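Trainee: structural data only, the sequence is not supplied:
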């Protein structure tokens, strides 16, 4: 226990961690002070060494497998204590792609997401039992960062405001043809049609999401105006006045960024506008989190702003607006995690206790990454023609003021 004790004492500026060994021995580490106090119980002799060998992967797997448990506090408390001790602003969480993998080009080649692999990766996560998502998401099934105009807002209100916020940046006109890349369960596409009278094609690689989205369009009586297809974005044809993509770019893969932006430019009308909403990284992008990559989102990559700009610049998409949503996703994830706790028995009935702990660790890890780590959300607007949008940004505020009441109704 002395090795881990020295490590914890050095790591934590405040707070304490008590570790209970498999034999029942208790030792407390940390400098005390106003921080959290968490008790971690180890359930076998080998788990501590396993965690020390590869903490980014093995602490999550140990928790998921029940090899460790939290007796005083929660797994979120533990992660807040550890990750919060070394926040990005203080120099922590630096990108490590080149350092750990030698040649960055070779690392990207190994993680290529062709159409077949992309379909398989999407199915791994989004084709889970749809009842799971209905238990922790808002009623519109928005599975991306909400927009909290007030931190006290409900999840439903914040997700409605997110849709209004994005729609306002698209400068929509009735009759526009819109492409929604990675349309999820159809909520954004249906909203854009409802508030702006546009026609929307939503594309997804998830059969579960496709079925729900089509059913929702039929029930709303707009299936002739809002259509959904099971198709890779690289296979879409035609031209669109507007392109929106929310929470999909994370699955493109760094090796395909130029391909993605090149395809979007091809699909975008000469006077078209594109709005890309994605999780991203402050500073330089690094390798994916190994737990998330293995168990949650295989094949994902979180871009830095410089990566996005370098790829879009190569195909002459002009960046016209950038917004960084710093902690909005942390608020969102806290709502999702609380909803999971409220429906724990139902989630375990759908899957099992091990799955619940995996999901809990995934959401808790996301919270600390957005509150203390290098993760954020980018909303980036692109055009082909510099004159495609009004001269000032006033149109965004004016449109959002119109759309927000409609979104909440």
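Mentor: Looks like it arrived, so ask away. Just so we're clear, the structure is a prediction, and the values are computed from it rather than from any experiment.
Trainee: so, low pLDDT: which residues of the stretch 1-150 of the chain?
Mentor: For the stretch 1-150 of the chain, residues meeting the criterion pLDDT under 70 lie at 1-7, 92-112, 119, 122-123, 126.
Trainee: what segments of it are helices?
Mentor: 2-11, 47-53, 55-64, 75-83, 97-101, 104-110, 115-126, 130-136 (DSSP state H, counting those that start in this stretch).
Trainee: just the stretch 251-400 of the chain next, same as before
Mentor: Taking DSSP H, counting those that start in this stretch, the helices of the stretch 251-400 of the chain run over residues 257-267, 290-291, 305-314, 328-342, 344-350, 353-371, 394-408.
Trainee: show me what the fourth one is in contact with.
Mentor: I take that to be helix 328-342. Contacts of helix 328-342 from elsewhere in the structure, counted by Cβ atoms under 8 Å, 6 or more residues apart in numbering, are 76, 135-137, 145-148, 151, 154-155, 158, 279, 347, 356, 359-360, 363-364, 366-367, 370-371, 375-377. C-beta coordinates here come from the backbone N, C-alpha and C atoms, glycine included.
Trainee: just the buried residues from those, in ChimeraX please.
Mentor: Of those, the buried ones can be selected in ChimeraX as follows, counting by 16 or more other Cβ atoms under 10 Å:
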select :76,135,136,137,145,146,147,148,155,158,279,347,356,359,360,363,364,366,367,370,371,375,376,377
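Trainee: tell me the angle of the top strand by length along the chain relative to helix 353-371?
Mentor: In the chain, taking DSSP state E as the definition, the longest strand is strand 268-281. What separates the directions of strand 268-281 and helix 353-371 is an angle of 100 degrees, with axes from the mean of the first three to the mean of the last three Cα atoms, to 10 degrees.
Trainee: quick one: low-confidence parts of the stretch 251-400 of the chain?
Mentor: Of all residues in the stretch 251-400 of the chain, none has pLDDT under 70.
Trainee: so residue 367 versus residue 309, what's the distance?
Mentor: Counting by Cβ to Cβ, to the nearest Å, the gap between residue 367 and residue 309 amounts to 28 Å.
Trainee: and residue 251, what is it in contact with?
Mentor: 113, 118, 121, 122, 182, 297, 299, 300.
Trainee: hmm, try it at 7 Å
Mentor: Counting by Cβ atoms under 7 Å, 6 or more residues apart in numbering, residue 251 makes contact with 118, 121, 122, 297, 299, 300.
Trainee: residues contacting the nearest residue to the second one once chain neighbours are set aside?
Mentor: What that stands for is residue 121. Taking Cβ to Cβ, 6 or more residues apart in numbering as the measure, residue 121 lies nearest to residue 299, with 4.2 Å between them; neighbours along the chain are not counted. The neighbours of residue 299, taking Cβ under 7 Å, 6+ apart as the test, are 111, 113, 117, 121, 251, 253.
Trainee: buried subset of these, written for ChimeraX?
Mentor: The ChimeraX selection below is limited to those of the contacts of residue 299 classed as buried (16+ other Cβ under 10 Å):
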select :111,113,121,251,253
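Trainee: of all the helices of the stretch 251-400 of the chain, which one comes closest to residue 22?
Mentor: Comparing the helices of the stretch 251-400 of the chain against residue 22 with Cβ to Cβ, the closest turns out to be helix 353-371 (18.7 Å).
Trainee: who does the closest one touch, helix- and strand-wise?
Mentor: When contacts are defined as 3 or more Cβ pairs under 7 Å, 6 or more residues apart in numbering; DSSP states H and E, helix 353-371 sits against helix 55-64, helix 75-83, helix 328-342, helix 344-350.
Trainee: report the buried residues of the last one.
Mentor: Of all the residues in helix 344-350, those buried under the rule 16+ other Cβ under 10 Å are residue 347.
Trainee: what's in contact with that helix?
Mentor: With Cβ under 7 Å, 6+ apart as the contact definition, helix 344-350 has outside contacts at 129, 131, 132, 135, 340, 356.
Trainee: so which of those comes closest to residue 231?
Mentor: Proximity of the contacts of helix 344-350 to residue 231, judged by Cβ to Cβ, is greatest for residue 129, which lies at 23.6 Å.
Trainee: let me see the contact set for the closest one.
Mentor: Taking Cβ under 7 Å, 6+ apart, one finds residue 350 in contact with residue 129.
Trainee: how about residue 136, what does it touch?
Mentor: The contact partners of residue 136, taken as Cβ under 7 Å, 6+ apart, are 336, 339, 340, 343.
Trainee: can I get those residues in CSV including neighbour count?
Mentor: Listed next are those as CSV, based on neighbours: other Cβ atoms under 10 Å:
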residue, neighbour count
336, 23
339, 17
340, 20
343, 18
